[in-house]
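**Student:** have a look at this prediction, sequence included:
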Amino acid sequence: MVYDNNELIQSTKDGDFLETIYQYYMNHDGERNSVGKQLATMHNDGSIDIIDEFSRLTNTDNGDFFLTRDVLVDALPHINSPALEVMICVKHLTLEAGNDMAATMLYAPFTQFCEASTERSEEVLNIAVNSNGELLDFINLALRAGANLNLPKFASKAIELTVHENLKICASAVYALGDIDYSNNISLVLDALEALNLVIKKGYDTRVFESVLKSAFALFLADNSKELEVYNLMELALAEKNEYEIHAASELFFRETKKLPSNILDLLLNALKSTNPKNKGTLDNIDYGLQHLVKAGHIEKAFPLIEYLLISNKGELSIVLLDSLVHELLSNNEALNKLVTKWLLSKSLALGRATSDVINQRHGKDVNLRVDMTLLQGQESNSLFLARKAIGWLFTKPVSTASFIISLIDTTSEGEASEITQLLFNPLLISYPGSVKQYLIDISPELSTKSQEVITNVLGMLKRYHEGLDSARDISELWPPQFQRETYNRYFSHQMSDAHKEAEKGSVFLNLVKKSVLLYGNKSINYIYGPNEQVTRQEIPLQQISHSIEFPALENIDPHTLDYMMRVFRVEDCQ
């Protein structure tokens with residue numbers, strides 16, 4: 001025995017029953033599981049009424065609402081109490097939980113409460129159906145619990161309720177048909193499918209169709225031989241492509257990706273093309289589903305949906321919002337190379353921009369890219385086109401751009417190789433003589449003779465270019481006067497200072513800490529004030545923190561020509 005029964009009985013008289021069990025839960029972590037059974041025993045012998053006590057629990061009470069409610073989670077399957085009182089209590093506690101993900105945790109033990117007998121399950125069902133909408137949430141729970149005791153009887157009751165005049169009751173019954181455990185009873189699965197088909201033909205509200213989608217697929221899982229019937233049902237349910245139906249389709253796509261047969265997967269992917277980009281919940285489901293597809297190697301299934309959403313929404317949707325998919329692409333070289341090759345060949349501004357967004361999500365070291373040759377077969381003449389597109393869209397990731405272009409060389413003719421050499425030199429190598437040059441030197445020994453020749457030529461061009469710059473260094477006419485340089489440096493310094501201050505305004509970190517300006521010294525000193533007026537002196541040595549980026553040299557030398565070149569490369573042949 002965990003509690004002293006007399007202490008519990010007295011707490012109900014004193015009005016602090018909930019506080020008593022909460023405090024015990026806090027202090028006796030290892031004995032919590034047995035508390036619920038003890039309370040259920042006391043409730044059943046009439047010593048206390050825990051349903052009445054928990055009906056007073058609110059989320060604003062002192063203590064932890066969810067921890068206190070867990071006592072009822074343990075007790076509920078074992079109690080004997082009027083069904084209506086238990087339903088009202090469970091409903092109250094569910095509403096008190098609000099939007100918390102643990103709000104419906106009482107549903108599972110309530111289902112066990114219903115499973116005490118078929119009579120109790122039937123009583124709960126009748127109360128819920130006749131509750132004028134207040135207790136409709138319990139219809140599915142009662143049907144599922146009853147079906148675990150008497151499958152034919154409660155499956156029949158669920159089918160009867162699918163034609164109820166109240167749409168909410170109808171939707172609950174439709175959902176229950178997919179939630180019931182049919183235990184390989186194929187005839188009942190067929191009856192359920194026929195009921196869902198009748199619901200579709202009657203043209204109920206779209207929220208009922210949402211339940212039809214989920215239940216139809218659950219019935220497919222119960223009997224895989226009914227794939228065609230389930231496909232036809234889902235196709236009818238998705239005919240109008242209402243937002244509720246699309247969201248239900250996205251949930252199936254996300255949660256059941258591995259179980260979806262090919263034709264049903266294609267059906268869902270086609271329906272999801274009608275997704276409203278403002279529906280973030282639906283987009284999140286699509287994001288997770290696409291991530292699963294790419295991880296499973298079904299790249300050809302994933303790309304058409306992504307491409308359609310990006311192109312049709314014309315800038316309203318950025319691929320960056322599909323962050324799980326982007327993360328998977330950046331860790332999957334095969335998928336990433338296929339995506340970059342396919343989208344740069346697509347002659348679509350939306351897909352070109354999305355390619356840039358994906359690659360720019362890799363922070364720090366650039367990702368090495370290679371052309372997917374399977375997409376280039378029969379299109380070798382597009383090698384130069386791809387090289388220009390890569391420069392136009394990926395210019396800010398110079399090593400990624402260089403690696404992609406280098407992988408094209410072996411597919412080109414001598415004349416095309418010469419033009420690729422020019423592109424590598426200008427604008428890529430001129431702009432990034434540090435990182436790109438080092439990458440070319442490092443990668444050269446691993447490449448074919450043809451690629452090595454191109455790298456040797458382009459590095460020779462860079463050497464001659466820098467020699468030419470050095471020879472002009474002493475020509476005074478090419479240098480602005482000293483006062484102009486100082487004036488520009490002050491102007492640039494003010495610009496950077498203003499930008500730094502604007503960035504600080506939105507800094508989460510700086511809004512949490514106090515900012516100090518050190519005028520001189522090699523360490524900072526702080527005083528920490530503790531209890532009893534104790535003061536602790538804390539010294540923090542100053543350390544140098546530095547970060548460097550390679551800024552494209554052409555942005556300083558000839559920014560307008562560089563910008564024009566990037567724009568031309570991006571829009572070339574775009575529709």
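**Tutor:** That came in fine, so what should we check first? Since the model is a prediction, treat every value here as computed from it, not as a measurement.
**Student:** could you point out which residue ranges in the stretch 151-300 of the chain have low pLDDT?
**Tutor:** When residues are selected by pLDDT under 70, those of the stretch 151-300 of the chain lie in 204.
**Student:** swap that for the stretch 1-150 of the chain, sorry
**Tutor:** For the stretch 1-150 of the chain (pLDDT under 70), the answer is 1-3, 28-33, 61-63.
**Student:** and with 90 instead?
**Tutor:** Low-confidence segments of the stretch 1-150 of the chain (pLDDT under 90): 1-16, 18-39, 60-68, 70-71, 74, 98-103, 132-134.
**Student:** give the buried residues for stretch 128-139.
**Tutor:** 128-129, 131, 135-139 (16 or more other C-beta atoms under 10 Å). Bear in mind the C-beta positions are built from the backbone N, C-alpha and C, glycine included.
**Student:** now what about it, what contacts it?
**Tutor:** 87-88, 90-91, 94, 110, 124-125, 127, 142, 161, 164, 166, 168-169, 172-173, 176 (C-beta atoms under 8 Å, 6 or more residues apart in numbering).
**Student:** right, and Phe404 touches Arg370 too?
**Tutor:** Yes - counting by C-beta atoms under 8 Å, Arg370 is a contact partner of Phe404 at 6.9 Å.
**Student:** between these two, which is the more surrounded one?
**Tutor:** Phe404 (26 against 16; other C-beta atoms under 10 Å).
**Student:** and that one, what element?
**Tutor:** For Phe404, the enclosing helix or strand under DSSP states H and E is helix 398-406.
**Student:** now for the one helix or strand Tyr308 maps to, which elements pack on it?
**Tutor:** Tyr308 is part of helix 299-312, with elements assigned from DSSP H and E. If you count contacts as 3 or more C-beta pairs under 8 Å, 6 or more residues apart in numbering; DSSP states H and E, helix 299-312 packs onto helix 262-271, helix 280-295, helix 333-345, helix 349-360.
**Student:** what's the following helix or strand past that helix in contact with?
**Tutor:** Once helix 299-312 ends, the next helix or strand along the chain (criterion: DSSP H and E) is helix 323-330. Defining contact as C-beta under 8 Å, 6+ apart, one finds that helix 323-330 is touched by 287-288, 290-291, 294-295, 302, 306, 319-320, 335-336, 339, 357-358, 361-362, 367.
**Student:** show me what counts as buried in helix 323-330.
**Tutor:** Under the neighbour-count criterion of 16+ other C-beta under 10 Å, helix 323-330 has 324-326, 328-329 buried.
**Student:** can you put the residues you listed in JSON lines and add distance to Ser451?
**Tutor:** Shown next, in JSON lines, are the buried residues of helix 323-330 (distance: C-beta to C-beta, whole Å):
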{"residue": "Ser324", "distance to Ser451": "36"}
{"residue": "Leu325", "distance to Ser451": "32"}
{"residue": "Val326", "distance to Ser451": "30"}
{"residue": "Glu328", "distance to Ser451": "30"}
{"residue": "Leu329", "distance to Ser451": "26"}
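**Student:** quick check: buried residues in the helix holding Phe404?
**Tutor:** 398-406.
**Student:** re earlier: so which of the contacts of stretch 128-139 sit within helices?
**Tutor:** Among the contacts of stretch 128-139, the ones falling in helices (DSSP state H) are 87-88, 90-91, 94, 110, 124-125, 127, 142, 161, 168-169, 172-173, 176.
**Student:** of the residues you listed, buried ones?
**Tutor:** Judged by 16+ other C-beta under 10 Å, buried ones among the ones in helices among the contacts of stretch 128-139: 87-88, 90-91, 94, 110, 124-125, 127, 142, 161, 169, 172-173, 176.
**Student:** which of those residues sits closest to Asn44?
**Tutor:** Phe110 (16.8 Å; C-beta to C-beta).
**Student:** pretty sure that closest one sits against Leu141.
**Tutor:** Yes - counting by C-beta under 8 Å, Phe110 touches Leu141, with 5.9 Å between them.
**Student:** hang on, Thr104 packs against Leu93?
**Tutor:** No - judged on C-beta under 8 Å, Thr104 makes no contact with Leu93 at a distance of 10.2 Å.
**Student:** more crowded one of these two?
**Tutor:** Leu93 (23 against 14).
**Student:** sorry, back to before: in the buried residues of helix 398-406, find the pair that's most separated.
**Tutor:** Checking the buried residues of helix 398-406 with C-beta to C-beta, the most distant pair is Pro398 and Ile406, at 12.2 Å.
**Student:** on that earlier part again, which of the contacts of helix 323-330 are buried, as a ChimeraX select command?
**Tutor:** Selection of buried members from the contacts of helix 323-330 for ChimeraX, criterion 16+ other C-beta under 10 Å:
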select :287,288,290,291,294,295,302,306,319,335,336,339,357,358,362,367
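**Student:** any idea how far stretch 76-83 is from the chain center?
**Tutor:** Distance, stretch centre to chain centre, for stretch 76-83: 40 Å (C-alpha atoms, centre = their mean, to the nearest Å).
**Student:** in contact with Ala553, which residues?
**Tutor:** Contacts of Ala553 by C-beta under 8 Å, 6+ apart are 430-433.
**Student:** at 7 Å what do you get?
**Tutor:** 430-431, 433 (C-beta atoms under 7 Å, 6 or more residues apart in numbering).
**Student:** can I have the buried ones of those as a PyMOL selection?
**Tutor:** Burial among the contacts of Ala553 is assessed by 16+ other C-beta under 10 Å; the matching PyMOL selection reads:
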select buried, resi 430+431
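**Student:** for the contacts of Ala553, which one is nearest Met234?
**Tutor:** Using C-beta to C-beta, the shortest approach to Met234 within the contacts of Ala553 belongs to Ser431, at 52.6 Å.
**Student:** hey, where'd the helices end up in the stretch 101-250 of the chain?
**Tutor:** 107-114, 118-129, 138-149, 151-161, 167-179, 186-202, 206-222, 227-237, 243-255 (DSSP state H, counting those that start in this stretch).
**Student:** how about JSON lines for those, with distance to Asp45 added?
**Tutor:** Formatted as JSON lines, these follow (distance: least, C-beta to C-beta, whole Å):
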{"stretch": "helix 107-114", "distance to Asp45": "18"}
{"stretch": "helix 118-129", "distance to Asp45": "19"}
{"stretch": "helix 138-149", "distance to Asp45": "25"}
{"stretch": "helix 151-161", "distance to Asp45": "31"}
{"stretch": "helix 167-179", "distance to Asp45": "34"}
{"stretch": "helix 186-202", "distance to Asp45": "40"}
{"stretch": "helix 206-222", "distance to Asp45": "41"}
{"stretch": "helix 227-237", "distance to Asp45": "50"}
{"stretch": "helix 243-255", "distance to Asp45": "44"}
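**Student:** so which of these comes closest to Ala417?
**Tutor:** helix 243-255 (44.8 Å).
**Student:** determine how far the closest one lies from the middle of the whole chain.
**Tutor:** 14 Å.
**Student:** give me the contact list for that helix.
**Tutor:** Helix 243-255 has contacts (C-beta under 7 Å, 6+ apart) with 206-207, 209-210, 213-214, 217, 237-238, 268, 271-272, 274-276, 279, 281-282, 285-286, 288-289.
**Student:** now the buried members of those residues.
**Tutor:** For the contacts of helix 243-255, buried by 16+ other C-beta under 10 Å: 206-207, 209-210, 213-214, 217, 237-238, 268, 271-272, 274-275, 282, 285-286, 288-289.
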